[in-house]
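Sharing a model prediction with you, sequence too.
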Amino acid sequence: MVNCNYAAIDEYQLFLDITAEKQAAAQRVLNRLAPRVQTAYQTYLTDFPALCLQPGSLFAADRPKYRKTLKGCYGSPTRSFKQFKQNYSGRQHPAIQELCPYCMLETGWTLDHYVGQTAFPEYAILTKNLVPCCFKCNLQKNETWREQGEKVFINFYDDTFLQHRFLDARLVIQGNIPLLRYQLIQPGAISHDEFALIQRHFDALGLLDKYNKKVHNRLSTEISAIRKSIARGKSDAAIAEDLLDRYDSHVNQYGPNHWETLVYLTLANHAPQVRALPIP
């Protein structure tokens, strides 16, 4: 997992630019709502914990037409918003361009509204509220973003703990069949509140189970490669060194909390056990 890059644009100015590009009827509504949108943006950008505790949208009591017009800024995009979306991917870390940050399993073809736009239409085009997301995570997450005043999902713009490894994998031998089992661990650099958020994120998306299933083919491929190295006379130390080199390379690309990255680290730490496995 890695952080998304935030463009740090003038969010309210983008809202005003989009408003100016709308047709007359929508312009009138958006201009009327603009001061409250600015207030909502200020809360999101400078005091997100306060937003987590906010009972609901600042526009919850507004006419449905007004809420629909706010959402329409995203659903019926103008030139300025289309330009933002066109430029967005190129500004992201290569791993984010390739994979959904929520799961690191699928390609992030869609944009997720971290704070759901149905309940909070004022954030429909707030760019810091938009996160690359695969179809599966977008559907699974839906409008959920908080429970009892606490975030449910990692915020890939603001949460700064992703450089610390909290994902771990254990090598398990069941009936001479090697398996990897993923688990979460709390390093000293991650606070209890941060680790609780990580657990909520993984639980909500069922990531540990998904990783346990996804890893089978990769593990088989790597063990087959290790057996070939053993047949060529490589020592356990040399095999472990090769695996650690690949681990370092994957950490640089995907961060320390990518399911595939942990395959190399775990096998490097268990080279003698892999050597002892019977050849099928």
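Ah, there it is.

First-to-last residue distance for stretch 89-105?
End-to-end distance for stretch 89-105, by C-alpha to C-alpha, to the nearest Å: 17 Å.

buried ones in that stretch?
The neighbour-count check on stretch 89-105 (16 or more other C-beta atoms under 10 Å) flags Q92, H93, A95, I96, L99, C100, P101, Y102, C103, M104, L105 as buried. Backbone N, C-alpha and C define where each C-beta goes, glycine included.

repeat for stretch 165-174
For stretch 165-174, by 16+ other C-beta under 10 Å, it's R165, F166, L167, A169, L171.

ditto for stretch 28-40
Taking 16+ other C-beta under 10 Å as the criterion, stretch 28-40 shows V29, L30, L33, V37, A40 as buried.

and the closest residue to the first one other than its chain neighbours, what does it touch?
I take that to be V29. Nearest residue to V29, sequence neighbours excluded (C-beta to C-beta, 6 or more residues apart in numbering): T69, at 4.4 Å. T69 makes contacts with A26, V29, L30, L33, as judged by C-beta atoms under 8 Å, 6 or more residues apart in numbering.

what's the next secondary structure element after the helix or strand hosting the last one?
In this case it means L33. In this assignment (DSSP states H and E), L33 forms part of helix 24-46. Remark: after helix 24-46, the chain's next helix or strand is helix 48-53, criterion DSSP H and E.

Flag every buried residue along the helix or strand that that next one is followed by.
Sequence-wise, the next helix or strand downstream of helix 48-53 (DSSP H and E) is helix 64-75. Going by neighbour count (16+ other C-beta under 10 Å), the buried part of helix 64-75 is Y66, R67, T69, L70, K71, G72, C73, Y74.

Show the average pLDDT along stretch 89-104.
For stretch 89-104, the mean pLDDT works out to 91.

ok so, going back, would you mind pulling up the elements that the helix holding L33 packs against?
Packing partners of helix 24-46 (3 or more C-beta pairs under 8 Å, 6 or more residues apart in numbering; DSSP states H and E): helix 11-21, helix 48-53, helix 64-75.
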